[in-house]
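[1] I would like to see how this sequence folds:
(one chain, ligands or ions: 2)
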Amino acid sequence: MNNTLIAPSVLAADFANLQRDIEMINNSQADWFHIDVMDGHFVPNISYGMPVIEAIKKHATKPLDVHLMIEKPERYIEEFAKIGADIITVHYESTVHLHRTLTQIKNAGCKAGVVLNLTTPVSVLEDILSECYMVLIMSINPGFGGQKFEEITYNKVRKLRKMITDQGLHTLIEIDGGVTDKNAKQLVEAGANVLVAGSYVFKAQSPAQAIIDLKNLTR
Ligand code: DX5
Ligand code: ZN
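    Ligands and ions are numbered 1, 2, ... in the order given. Here you go, the predicted model:
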């Protein structure tokens, strides 16, 4: 296997102790901060927005991986870039002109990725894959942390990995939703490079150790 990246999801942090949890991630073996933005339209939940992300950026020493679960994300790309997003991923299902939105993200100075909902097939990305730094495959219906991982994900990861190899690309595959020590190894074996983990990390007795455990399982 390779060096799998671990991106703890800040959604599962204690917002009243956010600085403490940011420092935990800074000092841990984690690679990125996963930042979930929800608008109450694209997904049935509202998370947090610009002021919170700006505050996180002030303390974070690792890249911010910003997952936009919002309708028409093209309205806000420049703003997210300005407040410190390093990677911006938009849902395939949320933006009509995907190529234009990815270009917009890159022009704003960020790495651009696409997210697929659980039932959106990976084949829809065939002609846009070369424009993607990363593809995020949802392994739950987005909107909430703490949900159960859906097994159909493995097959999607394998298919996408094959598409990436066939096209001679180096696109990263990220998985988000219900990632634990029970599925991490199998996900990486199927071809995943980045694992998002919310509840598994923050509900653990030692979040830093939970991150080490995921790293060790996927080495
Ligand atoms: C859900 C978010 C996820 C969430 C994952 O829509 O995209 O990033 O925080 O949480 P867990 O790891 O608890 O499933
Ligand atoms: Zn997410």
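[2] contact partners for the closest residue to ligand 1 within the chain?
    Using C-beta to the nearest ligand atom, Gly198 is the residue of the chain that sits closest to ligand 1, at 2.8 Å. Any C-beta I mention is one placed from the backbone N, CA and C, and that applies to glycine too. By C-beta atoms under 8 Å, 6 or more residues apart in numbering, the contact list for Gly198 reads Pro8, Ser9, Leu11, Ala12, His34, Gly145, Gly146.
[3] from Ala85, how far out is Val188?
    Remark: distance between Val188 and Ala85 (C-beta to C-beta, to the nearest Å) = 25 Å.
[4] cool, and Pro121?
    Pro121 sits 27 Å away from Ala85, taking C-beta to C-beta as the criterion.
[5] what's the answer for Tyr92, then?
    Applying C-beta to C-beta to Tyr92 and Ala85 gives a distance of 19 Å.
[6] report the buried residues of the longest helix anywhere in the chain.
    If you go by DSSP state H, the chain has its longest helix at helix 152-166. Under the neighbour-count criterion of 16 or more other C-beta atoms under 10 Å, helix 152-166 has Thr153, Tyr154, Lys156, Val157, Lys159, Leu160, Arg161, Met163, Ile164 buried.
[7] could you do stretch 50-68 as well?
    Applying 16+ other C-beta under 10 Å to stretch 50-68 flags Val52, Ile53, Ile56, Lys57, Ala60, Lys62, Pro63, Leu64, Asp65, Val66, His67, Leu68 as buried.
[8] for stretch 5-22, same thing?
    Of the residues in stretch 5-22, Leu5, Ile6, Ala7, Pro8, Ser9, Val10, Leu11, Ala12, Ala13, Leu18, Asp21, Ile22 count as buried by neighbour count, 16+ other C-beta under 10 Å.
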